[in-house]
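Peer 1: Quick check, what structure comes out for this input:
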Amino acid sequence: MSSVRIKICGITSAADARLSHDAGADYLGFVFHPGSPRAISPESAGRIIRDLPEHVTPVGVFVDPGPGVVERIADISGVRIAQLAGDESPEFCRRLPLPVIKVVRPSLPGETWPGPVVFTVFATMVDGCAPGKHGGTGVLADLDFAASCAAASRCFLAGGLRADNVGGVITRVRPFGVDVSSGTELRPGVKDPAKVREFCRAIHDHYDL
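Peer 2: Below you'll find the predicted structure:
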C-alpha cells in the first residue's frame, strides 16, 4: 500500500488546525457553505491558514457557489484547492483557477464512475449520502462505488470514517486519501483531540506513510 493522504475537514479554530497537522493531516478543510454547522468566514479561515506549515494544504469546501465566489474566497482565505460538494458541472470545474476536488455520491447501488472522461479535476471524493446534506453526515460511503472511482482516478474517500474502521476501509477501497469530519469531533465544528490523534494513528500504524 502506498501513502494514504489524510484530510481533516470542518476546521474552525487555530487550535484544531494545529492539533490536526501535528497529528499528521496533509490537508485541512474549511467549509464556506453557509448552511453548514461547520461554516467559517473567509477572514477567519485566512487567519488560521497564514500560520499553517507549507506542507499542509488548505482546502475550501463549497456547495454550488455562484460566479466568482470561489475565486474571491480563495483570495481572502488563502485556500489552495476548491472542494465542490454540490451539482457543479464539468465546465464549471474546468473554469476555476484552482485545483478541484469534486465530490460524487452514487445514486444507484452498483453504479460505476465515469469521472475521468467527464470531469477534469485534481481528484474526486466519494462521500456517503444523507437526504438534504452535502457532507459531514457520518454515513459510510458505498465502498464498491468508491473502489471503482479509486481504480479509475485519484480519489478521496469520505463518510462515516473513524479510527476503528478506517484501516479496513482503506484496504478495501485503496483510495489516494481519506477525508474525515464528524469522526473526529466533540460536536460539529469542534475537534476531539483524542479522536483526531487516534484517527491519524490508525492510518500510520497500518500503512507506511
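Peer 1: could you show me where the strands are in the chain, in order?
Peer 2: For the chain, the strands defined by DSSP state E cover 5-8, 27-31, 57-62, 81-84, 100-104, 123-126, 155-158, 177-180, 185-187, 190-191.
Peer 1: highest average neighbour count across those?
Peer 2: Mean neighbour count (mean count of other C-beta atoms under 10 Å) peaks for strand 155-158 among the strands of the chain, with a mean of 28. (Each C-beta comes from the backbone N, C-alpha and C, glycine too.)
Peer 1: average pLDDT for that strand?
Peer 2: Across strand 155-158, pLDDT averages out at 95.
Peer 1: The closest residue to Pro106 other than its chain neighbours: neighbour count?
Peer 2: Counting by C-beta to C-beta, 6 or more residues apart in numbering, Pro106 lies nearest to Phe145, which is 4.2 Å off, once chain neighbours are set aside. Phe145: 21 surrounding residues under other C-beta atoms under 10 Å.
Peer 1: oh, and call the first residue 29 from now on, that's how I've got it
Peer 2: Renumbered: residue one is now 29, and that last one reads Phe173.
Peer 1: one step back: closest to His232 out of the strands of the chain?
Peer 2: Minimum separation from His232 across these (C-beta to C-beta) falls at strand 33-36, 8.9 Å.
Peer 1: packing partners for the closest one?
Peer 2: strand 55-59, strand 205-208, helix 221-234 (3 or more C-beta pairs under 8 Å, 6 or more residues apart in numbering; DSSP states H and E).
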